[in-house]
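Participant: let's see this in three dimensions:
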Amino acid sequence: MPLLIRRGENIKIPHKMAGEMFPFTPSTLRALQRQREQLESEDRRRALSIELLSRRALTSSPAVRPPVTRRHRFCRDAAIHNALYTGDVERLKGIFKENGSADVMVETISEELQWCPEMGLWSLIPKKSHTSPLRITAGRGYGECVRFLVSRGAEPNSSVGGRGPLHDACEGHHAECTQLLLSRGAEANLLSEDGQAPLHLCSTPETLECAKLLLDYGALVNLAGRYTRATPLHVASGRGLEEHVALYLSLGADPSARNREGETPLNAACAACDNPQHFGRYYRVVDMLLKSGGNPNTPGKKGHGPLHNASSNCHLRLAKLLLDHGAAVNVKNSAGYSPLDCALQVCDDYPNCQPHLLVQTLLNYGAVPSDPKMWRFCAASPKTFETLLDAYDHIPTGDSWVESVPAVTWEEHRPFYESVLQAANQPRSLLHLARYAVRRLYDGQCQRATSHLGLPPALSAYVLLQPEGVIH
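Facilitator: Take a look at the predicted model:
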């Protein structure tokens with residue numbers, strides 16, 4: 001139970017550390033009262049803001065139906081709850097016998113652990129939650145139960161508990177229930193309390209059939225979430241759902257749509273591909289988005305563009321794909337980092353993804369070598385460090401990077417690290433200077449131009465910064 005404090009009353013509560021008993025002073029009580037009033041005022045302000053946003057979104061989107069609000073009867077019978085959650089259709093037929101009897105609100109009470117600042121401890125607070133029989137059965141794929149409940153007056157568009165039955169059916173990838181609800185009048189564009197349509201909840205490979213059904217029944221492929229402004233294409237791209245992305249694009253989904261943070265589906269896909277096991281499917285998603293007109297240079301959250309994201313995830317093939325489609329290699333995000341800087345910072349996180357090849361590719365597409373302060377991020381990766389150093393005409397003085405190299409790595413690659421220290425602020429070899437001049441001549445076209453120079457394979461690899469294990 002929350003602690004109620006009356007003005008002028010001295011109340012004793014347990015001290016959270018020492019177990020002592022002490023009274024609240026009048027000044028403490030006034031401070032607590034002011035804090036409570038501020039919290040209540042903030043809650044009222046937030047509720048009003050959400051209500052205004054909801055009204056504005058509903059009036060500006062005539063194709064999107066608002067949730068059905070109606071007066072419900074409460075159902076707290078555990079036996080009825082059990083029949084719904086287990087999908088016992090025969091028992092439900094004995095409970096909901098009359099037309100309209102299934103249009104009830106199921107109420108459950110659970111104990112939730114919450115922090116009570118007044119008492120200085122955690123306590124269990126009873127929390128009520130509401131749903132409907134139709135939501136329970138649709139979310140669990142009980143098709144026969146859904147069919148029966150609708151026949152007994154359950155409303156397919158009722159949003160008890162903040163969402164409709166169609167949301168639960170799609171999230172649970174139950175195509176049969178989705179079909180039943182849509183055929184009984186469920187609105188395909190119904191927005192939940194958090195502003196999402198059922199199509200936004202088709203976020204796993206298993207939901208493809210549900211997505212197809214929704215689109216067949218009029219779901220809007222470019223419908224943006226009320227608060228996030230994300231479209232279904234944002235969701236599918238961020239989850240790497242190839243078939244969903246192909247389906248949405250074939251029906252006119254906009255690959256340039258931007259969510260509340262300014263990110264496009266391309267940004268979402270490049271940011272999400274942080275697991276090497278899923279690199280392949282995200283590569284194919286990005287390829288589809290680029291071929292459909294996605295812009296590889298649109299900055300997203302914190303100025304991070306698709307190439308920044310691909311580099312931060314050490315996805316070599318994806319970075320090359322973006323570069324081949326015109327991604328700017330030297331653009332900086334809001335923190336002042338280029339894609340090359342992002343690649344250097346994750347060398348230790350993706351040692352098996354050959355980060356030196358990503359750095360080599362970025363440099364061969366014209367990336368400006370990073371500031372020496374970034375060396376500490378890649379110094380423990382000898383091949384990456386060497387590739388980066390070979391892009392300079394000389395190696396600046398400084399050994400602050402030495403501390404970032406583990407002793408074991410230093411001993412294993414001692415000749416390389418000692419050659420770096422010896423070459424600092426010294427003239428580079430004539431062969432290297434010739435390579436540097438050729439690279440300056442072709443600038444961002446080194447990768448393409450080298451193949452047309454007719455150089456021997458070994459010399460061509462040298463121009464393209466193939467690491468040799470030592471600095472000359």
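Participant: how near is residue 75 to residue 461?
Facilitator: Note on residue 75: its distance to residue 461, by Cβ to Cβ, to the nearest Å, is 73 Å. All C-beta spots, glycine's among them, are computed from the backbone N, C-alpha and C.
Participant: neighbour count for the two, which is higher?
Facilitator: residue 75 (19 against 14; other Cβ atoms under 10 Å).
Participant: from residue 107, how far off is that one?
Facilitator: To residue 107, residue 75 is 7 Å away according to Cβ to Cβ.
Participant: all helices for the stretch 1-150 of the chain, in order.
Facilitator: 26-60, 78-86, 89-95, 133-139, 143-151 (DSSP state H, counting those that start in this stretch).
Participant: comparing these, which gets the lowest mean pLDDT score?
Facilitator: Of all those, helix 26-60 carries the lowest average pLDDT, namely a mean of 58.
Participant: domains in the chain, as residue ranges please.
Facilitator: Domain assignment for the chain by automatic domain parsing gives 71-182, 378-472.
Participant: tell me which of those sits most buried.
Facilitator: Of all those, domain 71-182 has the most neighbours on average by mean count of other Cβ atoms under 10 Å, namely a mean of 18.
Participant: in its sheet, which strands sit next to the top strand by length along the chain, and in what direction?
Facilitator: If you go by DSSP state E, the chain has its longest strand at strand 104-116. Strand 104-116 has the following sheet partners, assigned by DSSP bridges: strand 73-75 (parallel), strand 121-131 (antiparallel).
Participant: could you give the angle of the last one to helix 78-86?
Facilitator: Spelled out, that is strand 121-131. Angle between the axes of strand 121-131 and helix 78-86 is 80 degrees (criterion: axes from the mean of the first three to the mean of the last three Cα atoms, to 10 degrees).
Participant: who's in contact with strand 121-131?
Facilitator: 14, 16, 105-116, 160-161 (Cβ atoms under 8 Å, 6 or more residues apart in numbering).
Participant: only C-alpha atoms, please: export that strand in CSV.
Facilitator: C-alpha atoms of strand 121-131 as CSV (Å, rounded to 0.1, in the frame of the first residue of the first chain):
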residue,chain,number,x,y,z
LEU,A,121,12.5,-0.3,-0.1
TRP,A,122,10.9,-2.5,-2.7
SER,A,123,7.4,-3.7,-2.3
LEU,A,124,4.8,-5.8,-4.1
ILE,A,125,2.1,-3.6,-5.6
PRO,A,126,-1.1,-5.2,-7.0
LYS,A,127,-1.5,-4.4,-10.7
LYS,A,128,-4.6,-4.9,-12.7
SER,A,129,-4.5,-5.7,-16.4
HIS,A,130,-7.3,-6.1,-18.9
THR,A,131,-7.9,-8.1,-22.0
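Participant: avg pLDDT for it?
Facilitator: Rounded mean pLDDT across strand 121-131 is 78.
Participant: strands along the stretch 201-350 of the chain, start to end?
Facilitator: In the stretch 201-350 of the chain, no strands are defined using DSSP state E, counting those that start in this stretch.
Participant: residue ranges with poor pLDDT in it?
Facilitator: Judged by pLDDT under 70, the stretch 201-350 of the chain has no weakly predicted residues.
Participant: what segments of it are helices?
Facilitator: Ranges of helices in the stretch 201-350 of the chain, per DSSP H, counting those that start in this stretch, are 208-216, 232-238, 242-250, 265-272, 279-291, 306-312, 316-324, 339-345.
Participant: adding mean neighbour count and distance to residue 123, write those helices out as a markdown table.
Facilitator: A markdown table is the format used below for those (neighbours: other Cβ atoms under 10 Å; distance: least, Cβ to Cβ, whole Å):
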| stretch | mean neighbour count | distance to residue 123 |
| --- | --- | --- |
| helix 208-216 | 20 | 41 |
| helix 232-238 | 28 | 37 |
| helix 242-250 | 20 | 44 |
| helix 265-272 | 28 | 38 |
| helix 279-291 | 20 | 44 |
| helix 306-312 | 29 | 42 |
| helix 316-324 | 22 | 49 |
| helix 339-345 | 26 | 43 |
